[in-house]
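S.K.: Sequence plus predicted model, see below.
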Amino acid sequence: MNYQKILEEIAAETSVLKNSGKVATYIPELGKVDPGKFGIYLQCTDGKSYATGDSHERFSIQSISKVLSLALTLKLKGNRIWQRIGVEPSGDPFNSLVQLEYEKGIPRNPFINAGALVVADILLTELKNPKEDFLQFVRDAAGDQSINYDEKVAASDGT
């Protein structure tokens, strides 16, 4: 399969959507990002990689960290985490707390903020040095020891 060609076709097809979205300005540091940036990178299990556009530019992962946090939590605790978090879609915005009352305090899934907080609680409890250990997990998973925590974005987020 010609993955490079597929990535380039995706980039060409989506180029008509340029400037149709908005940069997240509720976090001021993210509001400074050039909205024209676009990249796709594919790393295959056989070690080959394919890329197009701005794929080698560093970017803030924001809520993508929820997936990585869940991966580390599953590695540490296995299926026991599902006693504290559900696996159902919420149907509500990621930051809604409405369903917590109906669900007796059990978040619907780990990707809404309430569920991500439970995952964070597990990591804070299980890891000796949570920030450093999580960062090393991400570096190891990506095979890139240069990945780092951006203090400017964190300070700008204010949460």
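M.R.: Nice, thanks for sending it over.

S.K.: drop to CA atoms for contacts and neighbour counts, all remaining ones
M.R.: Noted.

S.K.: Break this structure into its domains for me.
M.R.: 3-53, 62-157 (automatic domain parsing).

S.K.: From start to finish, how long is the longest one in a straight line?
M.R.: It refers to domain 62-157. End-to-end span of domain 62-157 (CA to CA, to the nearest Å): 10 Å.

S.K.: How far does that domain sit from its chain's centre?
M.R.: How far domain 62-157 lies from its chain's middle: 9 Å, per CA atoms, centre = their mean, to the nearest Å.

S.K.: CA-only coordinates of the helix or strand where residue 137 lies in CSV, if you can.
M.R.: Here residue 137, judged by DSSP states H and E, is contained in helix 130-142. Taking Å, rounded to 0.1, in the frame of the first residue of the first chain, the C-alpha atoms of helix 130-142 are listed here in CSV:
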residue,chain,number,x,y,z
PRO,A,130,3.8,11.5,38.3
LYS,A,131,4.8,14.4,36.1
GLU,A,132,8.2,12.9,35.3
ASP,A,133,7.0,9.3,35.0
PHE,A,134,4.2,10.3,32.7
LEU,A,135,6.5,12.4,30.5
GLN,A,136,8.9,9.5,30.3
PHE,A,137,6.1,7.1,29.3
VAL,A,138,5.1,9.4,26.5
ARG,A,139,8.7,9.8,25.3
ASP,A,140,9.2,6.0,25.3
ALA,A,141,5.9,5.4,23.5
ALA,A,142,6.8,7.9,20.8
